[in-house]
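Peer 1: Pasting the sequence and the predicted model now:
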Amino acid sequence: MQLKEHSSNRKLRGAYYTPNALAKEIVSLLDFTDTLSILEPGCGDGVFIDALLSERSRLPRNASVTAVEIDDEEAKKVSRKNTPALSVNVLNEDFLEFYNREYEKSLFDLIIGNPPYIRYQYLTTTQREIQSKILTDHGMKANKLINAWVCFLVACVQMLSENGKIAFIIPAEIMQVAYAEELRLFLSNALSKITLITFKELVFPEIEQEIVVLIGEKDSSEKGIRIVELTGVDDFKALDLEKNGYQKIQHIKEKWIKYFIDNEESETIRKIRNDDRFAKFADFGVINVGITTGNNGYFSIDRKTELEYGLSDITLPLIGRSSHAHGIYFTESDWKQNVEEGKKAKLLLFPDIPFDDYDENYKSYIEFGEKSGENCGYKCSIRDRWYMVPSVWVPDAFFLRRSNLYPKFVLNKCGAVSTDTMHRMKFFDDVDPEEVMLSYYNSVSFAFTEICGRSYGGGVLEILPGEMGDIALPKINRLDVALKKKLIKSIDKIIRSDSNIEIALDLVDKELLVEYLGMDSSVCKTCRGIWKKLQSRRLGRQAVQTIQ
């Protein structure tokens, strides 16, 4: 993370300017009927005003723009755009202060722009206070995870006139991250129509930030939400929004990623959520993030480092990353293979005794860490003894935090631990671990994994502990032992040989979902389609970014 004192002024203002082509295409989509008052909060260099000028013939003759910009030089540039063709009133001030003064007096027919992406720690005390008030006044929690673009969006929706419209460029994380839950609910309640235009390509490649264009409308009749996916900005030329119908929006905090699936698929997911033959992952045990070492590179060691410093007595078997998990069991044989291959397969756990009583070898490795600055990271530095890793316990199973084609759910058979690259699970006393493991490898659970998780850039699927807990699993109780062994053996072989995972899904769908639970095979087919659709969309972004 770049510290505030090392950041450029432009970055501190969250000023990542919109490409001219994108601004023009967004403006071209808008209906300007009865659009007399327009607001652009944080107008930057005025790219949206230029786009409005290019569409002047479609604007009412007496339309005017209020442009707010905190930077003196940029405000002066935008002031020069005030022409007889379009009245532009430029206010050189912070939009949050403008809002604080005007929100009860001024309403706008159109609010357009690209709000600043400013992290909480870069806001001034006054800005933090105003942001907190904006969010809490609209039923949302204010915390340090909230970026400034969120409060800009909430404030601007409040400042819309009765039939007003908003068109904003915002991070794609609005679709799926947990901290935007309340924002999604707020928007679904405040707007009657929501259009989200997403992109396979990075529109802002210099910041590697996936974005969406949100067009929201107030209206007397609710139409819902629609999602349109484009490859890049050039695709706007062939875009006809009217051919894309709305789905009924659900006034809940759930992720909007689910609107990438059609109404029939959405109904299938809804029915599964309410089907008593299924439970949530969290119903089978406690799910936690893996061990937070504060410095995996230092505390995860290979055999060479272990021997060099004489650390054998204070290590635990470690499953460190995806490549360490060979099958659906993590066995002692798997672990030894990782050790022999030179992988960082051991976790250091220094004893909780006075430092003076430490073996000289332990002291030597700690001193090496201090000389190389390994102790300076935040999570290490706040500990009483930076080298004492907390919350170390041996779980029953592991689940990959980030994955490519699909996550692996792996039973722990060798007393191993994991870093925070994996989640760890401790089953409840009455749970059969093998039945839970089997219940994950099917089309329904894979579809829920994509819905519950999120694209983490480069096509990677990331899923957090709470999101893992929401994945639907079929309830399997006292499965025939012979069938269980057969399925486990088959799935393990498929994964260990890196074969097509759909072979395993076909097997479990047939044996457990259709024949054991009595589900219609069409449900499996629909869920398989959902999984592949969302997976392909995610992996497609990886391919596009690789080409770039």
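Peer 2: Sure, I can see it.
Peer 1: Tell me the buried residues in the top helix by length along the chain?
Peer 2: If you go by DSSP state H, the chain has its longest helix at helix 521-547. Buried residues in helix 521-547, counted by 16 or more other Cβ atoms under 10 Å: 523-524, 526-531, 533-535, 537-539, 541, 544-545. (Each C-beta comes from the backbone N, C-alpha and C, glycine too.)
Peer 1: which other helices and strands contact that helix?
Peer 2: Contacts defined by 3 or more Cβ pairs under 8 Å, 6 or more residues apart in numbering; DSSP states H and E place helix 521-547 against helix 263-273, helix 443-452, strand 454-455.
Peer 1: Worst mean pLDDT among those?
Peer 2: Among the helices and strands packed on helix 521-547, strand 454-455 carries the lowest mean pLDDT, a mean of 79.
Peer 1: by how many degrees do the longest helix of the chain and helix 263-273 diverge?
Peer 2: On the basis of axes from the mean of the first three to the mean of the last three Cα atoms, to 10 degrees, helix 521-547 is oriented at 110 degrees to helix 263-273.
Peer 1: Averaged pLDDT, helix 521-547. What do you get?
Peer 2: 79.
Peer 1: which helices and strands sit right next to the helix or strand harbouring residue 363?
Peer 2: Taking DSSP states H and E as the criterion, residue 363 maps to helix 360-371. Secondary-structure packing of helix 360-371 (3+ Cβ pairs under 8 Å, 6+ apart): helix 303-309.
Peer 1: Tell me which residues of the helix it packs on come out buried.
Peer 2: 303, 305, 306, 309.
Peer 1: Reformat the residues you listed as a markdown table; add pLDDT and distance to residue 175.
Peer 2: Below are the buried residues of helix 303-309 laid out as a markdown table (pLDDT from 0 to 100; distance: Cβ to Cβ, whole Å):
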| residue | pLDDT | distance to residue 175 |
| --- | --- | --- |
| 303 | 96 | 43 |
| 305 | 97 | 42 |
| 306 | 97 | 44 |
| 309 | 96 | 46 |
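Peer 1: Relative to residue 251, which of the residues you listed is nearest.
Peer 2: residue 305 (54.1 Å; Cβ to Cβ).
Peer 1: Name the single longest strand found in this structure.
Peer 2: The longest strand of the chain (DSSP state E) is strand 160-171.
Peer 1: List the buried residues in the helix or strand where residue 486 lies.
Peer 2: Residue 486 belongs to helix 481-496 when assigned by DSSP H and E. Buried residues in helix 481-496, counted by 16+ other Cβ under 10 Å: 484, 487, 488, 490, 491, 492, 494, 495.
Peer 1: Pop out the phi and psi values for residue 440.
Peer 2: phi -80, psi -40 (degrees, to the nearest 10).
Peer 1: show me what contacts it?
Peer 2: 281, 409, 471, 473 (Cβ atoms under 8 Å, 6 or more residues apart in numbering).
Peer 1: So which of those residues sit within helices?
Peer 2: Short answer: the contacts of residue 440 have none in helices (DSSP H).
Peer 1: so can I have a markdown table of these showing neighbour count and distance to residue 77?
Peer 2: Below are the contacts of residue 440 laid out as a markdown table (neighbours: other Cβ atoms under 10 Å; distance: Cβ to Cβ, whole Å):
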| residue | neighbour count | distance to residue 77 |
| --- | --- | --- |
| 281 | 26 | 53 |
| 409 | 25 | 55 |
| 471 | 26 | 50 |
| 473 | 23 | 57 |
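Peer 1: ok, of the residues you listed, which one's closest to residue 450?
Peer 2: Nearest to residue 450 among the contacts of residue 440: residue 471, at 9.9 Å, using Cβ to Cβ.
Peer 1: Next, the contact list for that closest one, please.
Peer 2: So residue 471 contacts 280, 281, 440, 445, 448, 449, 452 (Cβ under 8 Å, 6+ apart).
Peer 1: So residue 462 sits against residue 454, correct?
Peer 2: Yes. The criterion here is Cβ atoms under 8 Å, and residue 462 meets it with residue 454 at 5.6 Å.
Peer 1: Name the residue in those two with the higher neighbour count.
Peer 2: residue 454 (22 against 17; other Cβ atoms under 10 Å).
Peer 1: what does stretch 93-102 contact?
Peer 2: 41-42, 68, 70, 91, 126-127, 130-131, 134, 151-152, 155, 159.
Peer 1: Inside helices: which ones of those?
Peer 2: Going by DSSP H, the helices hold 126, 127, 130, 131, 134, 151, 152, 155 from these.
Peer 1: hmm, back to that, could you tell me how far the longest strand of the chain lies from the centre of the chain?
Peer 2: 23 Å (Cα atoms, centre = their mean, to the nearest Å).
Peer 1: gap between the nearest residue to residue 148 once chain neighbours are set aside and residue 128?
Peer 2: Spatially, and ignoring its direct neighbours in sequence, residue 148 is nearest to residue 118 (3.8 Å; Cβ to Cβ, 6 or more residues apart in numbering). Distance of residue 118 to residue 128, computed by Cβ to Cβ, to the nearest Å: 11 Å.
Peer 1: Compare these two (neighbour count), which wins?
Peer 2: residue 118 (21 against 18).
Peer 1: Now do the more buried one against residue 480, distance only.
Peer 2: Counting by Cβ to Cβ, the separation of residue 118 from residue 480 is 58 Å.
Peer 1: same check, this time on residue 220
Peer 2: Using Cβ to Cβ, residue 220 is found at 59 Å from residue 480.
Peer 1: what residue ranges in this protein are flagged as low confidence?
Peer 2: Regions of the chain meeting the criterion pLDDT under 70 cover residues 1-16, 205-209, 456-458, 541-548.
Peer 1: show me where the stretch 301-450 of the chain has helices.
Peer 2: For the stretch 301-450 of the chain, the helices defined by DSSP state H, counting those that start in this stretch occupy 303-309, 332-340, 360-371, 378-381, 433-440, 443-452.
Peer 1: List just the one of those that sits closest to residue 516.
Peer 2: helix 433-440 (10.3 Å).
Peer 1: Now do that closest one against helix 443-452, angle only.
Peer 2: Using the same axes, to 10 degrees: helix 433-440 against helix 443-452 is 70 degrees.
Peer 1: Give me the contacts around the helix holding residue 363.
Peer 2: 298, 309, 310, 311, 314, 348, 350, 355, 358, 375, 387.
Peer 1: now swap in stretch 25-33 and tell me
Peer 2: Against stretch 25-33 from outside (Cβ under 8 Å, 6+ apart): 48, 51-52, 54-55, 58-60, 63, 110, 112, 165, 167, 169, 213, 215, 233, 236-237, 239, 241.
Peer 1: Now intersect those residues with the strands, please.
Peer 2: 110, 112, 165, 167, 169, 213, 215.
Peer 1: With distance to residue 23 and neighbour count added, can I get those in a markdown table?
Peer 2: Formatted as a markdown table, the ones in strands among the contacts of stretch 25-33 follow (distance: Cβ to Cβ, whole Å; neighbours: other Cβ atoms under 10 Å):
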| residue | distance to residue 23 | neighbour count |
| --- | --- | --- |
| 110 | 14 | 25 |
| 112 | 9 | 26 |
| 165 | 16 | 23 |
| 167 | 10 | 22 |
| 169 | 9 | 23 |
| 213 | 10 | 22 |
| 215 | 14 | 22 |
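Peer 1: which one among these gets closest to residue 147?
Peer 2: Using Cβ to Cβ, residue 169 comes nearest to residue 147 of these, at 13.5 Å.
Peer 1: In contact with the closest residue to that closest one other than its chain neighbours, which residues?
Peer 2: Nearest in space to residue 169, with sequence neighbours left out and distances taken as Cβ to Cβ, 6+ apart, is residue 114 at 4.2 Å. Listed by Cβ under 8 Å, 6+ apart, the contact partners of residue 114 are 16, 17, 18, 42, 44, 48, 168, 169.
Peer 1: Do I have it right that the last one meets residue 211?
Peer 2: Spelled out, it's residue 169. Yes. Between residue 169 and residue 211 there is a contact under Cβ under 8 Å: 5.5 Å.
Peer 1: what residues are shared contacts of these two?
Peer 2: Here residue 169 and residue 211 have no joint contacts, going by Cβ under 8 Å, 6+ apart.
Peer 1: Right, I'll leave it there.
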